[in-house]
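**Q** my questions concern the predicted model and sequence given below.
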Amino acid sequence: MGERELIVSEVPLQTASDLLREALEGFESPRLAVSGGSAAAVLGLARIDLGHRWKRVRLTWVDERRVPALDPHSNRGEAYRLGYLDAGDAPAVELPLFLDGETPAQACLRVEEGLDSLFEGGLDVLLLGLGEDGHSASLFPGAPWPDLRVHAVDASPKPPAQRITLGLGLLADTPLAILVALGVTKAPALERLLRGDRALPASALGELIVVTDQSLIGAPHGRT
């Protein structure tokens, strides 16, 4: 487990965007993986703030539901529909985890090959969320976490049940993760994460910066 930093902010999305922009500017052609929800909203802010440097970003997704891109449950589809991503302002590379009509095996093979050919087999920065149950990506407490870079999930405790996710080994090897956890319902899981509860997948990550709008009594602030 690497360093931990907790940032409580009145403008958490912008704070996380500033952190992400700063992190990406440290790489010539940064390799970024992002989840949906609040993390995708942060990406939308950072895309604008990065300006021309956005064109150097290599982007993939932390996890994706195995649904058509037009389905509102699609992380990637929603990012485009909500304007966080724009086909007219594309990054250098975008590697989707699931394409309409793919089987799980086809999706995993394509992503594995893309990670090797487009991302040199690794990532530089993660932009994550945190579920109320403590899950990150589509890695759920109490469920198996296969030792694979990418794998299919067939029985997610949270619907939709069928997903593709990056594996914990790849995520844990990434030098920096920025995790956004908003709202009082996330506070119990966030407290568990900051205590280092190993039942939560994010506890296995390397350097982790948590951005939240919740003041947690007894939670460590700053690096620990």
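**A** That came in fine, so what should we check first?
**Q** my guess is Leu118 meets Ser29, correct?
**A** No: taking contacts as CB atoms under 8 Å, Leu118 lies outside contact range of Ser29: 10.2 Å. Every residue, glycine included, has its C-beta placed from N, CA and C.
**Q** please identify the helix or strand for Lys208.
**A** Let me fix one detail, which is that residue 208 is Leu and not Lys. When elements are defined using DSSP states H and E, Leu208 is found to belong to strand 207-212.
**Q** same check, this time on Ser117
**A** Here Ser117, judged by DSSP H and E, is contained in helix 104-119.
**Q** next secondary structure element downstream of that helix?
**A** strand 125-129.
**Q** and that next one with strand 207-212, angle?
**A** Counting by axes from the mean of the first three to the mean of the last three CA atoms, to 10 degrees, strand 125-129 lies at 40 degrees to strand 207-212.
**Q** which residues touch strand 125-129?
**A** Counting contacts by CB atoms under 8 Å, 6 or more residues apart in numbering, the residues outside strand 125-129 that touch it are 16, 20, 23-24, 30-39, 42-43, 62, 136-137, 171, 174-181, 202, 205.
**Q** circling back to that earlier point, residues that sit against both of Leu118 and Ser29, list them.
**A** Contact with both Leu118 and Ser29 is made by residues Arg58, according to CB under 8 Å, 6+ apart.
**Q** ok, now which ones touch Trp61?
**A** Contact analysis of Trp61 by CB under 8 Å, 6+ apart lists Ala33, Val34, Ser35, Gly36, Asn75, Arg76, Leu95, Pro96, Leu97, Leu166.
**Q** state the distance from the closest residue in space to the fourth one that isn't next to it in sequence to Asp49.
**A** Of all residues not flanking Gly36 in the chain, Asn75 sits nearest, at 3.2 Å (CB to CB, 6 or more residues apart in numbering). Relative to Asp49, Asn75 is positioned 21 Å away (criterion: CB to CB, to the nearest Å).
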